[in-house]
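Enquirer: could you look at this predicted model? Sequence included:
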Amino acid sequence: MTSSIRERLLQGVMASLAPVALAQGATLIRSPPVGVTREQSPALLIFPESDNIVARPNDRVERHLVIRLTALARDQSGLPAHIVADRLLVAAHAALFAQASFGGLLLGLQELECEWDAEDADASVIAIPARYQISYRTLVSDLSQQG
């Protein structure tokens, strides 16, 4: 069975961010089921948040997939955690926008927001979540076909 366009887009995001994570010495994880350990940080986490229908022109459906990237870091090699996390997110952001169409599946990409969080349980952990909206189309009757 063919994967949905949504899943192919998420796999494309993972593929475009894998070299970034490697270059930054980070772990890339999609929707981690448990907390990220010290050994896994720094880490770049990817969370699909929502997939909304925004228009139904004829037999097409325009959709907005919202993903959250979280750069997670601890103090490392003399660098403060907020610097490590920021550098990771800067590189991830650039990599996302360098993939102009994700193989022709993407109609548009835009950044929605970014936050800064210091972990209450561990003061040396910084998480910088950024949300992005990916616009794409499918057929009304088939999530795996472009509209």
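Expert: Thanks, I have the structure now.
Enquirer: now the helices for this protein?
Expert: 5-23, 81-98 (DSSP state H).
Enquirer: out of those helices, which gets nearest to residue 67?
Expert: Residue 67 lies closest to helix 5-23 among the helices of the chain, at 6.5 Å (Cβ to Cβ). (C-beta placed from N, C-alpha, C; glycine too.)
Enquirer: can you point out the buried residues in that closest one?
Expert: Going by neighbour count (16 or more other Cβ atoms under 10 Å), the buried part of helix 5-23 is 5, 6, 8, 9, 10, 12, 13, 16, 17, 20, 21.
Enquirer: average pLDDT for it, rounded please.
Expert: Taken as a whole, helix 5-23 has a mean pLDDT of 95.
Enquirer: against which helices or strands is it packed?
Expert: strand 27-30, strand 43-55, strand 60-74, helix 81-98, strand 125-139, strand 142-146 (3 or more Cβ pairs under 8 Å, 6 or more residues apart in numbering; DSSP states H and E).
Enquirer: tell me the most buried of those?
Expert: strand 60-74 (a mean of 21; mean count of other Cβ atoms under 10 Å).
Enquirer: what is that one packed up against?
Expert: Using 3+ Cβ pairs under 8 Å, 6+ apart, strand 60-74 sits against helix 5-23, strand 43-55, helix 81-98, strand 125-139.
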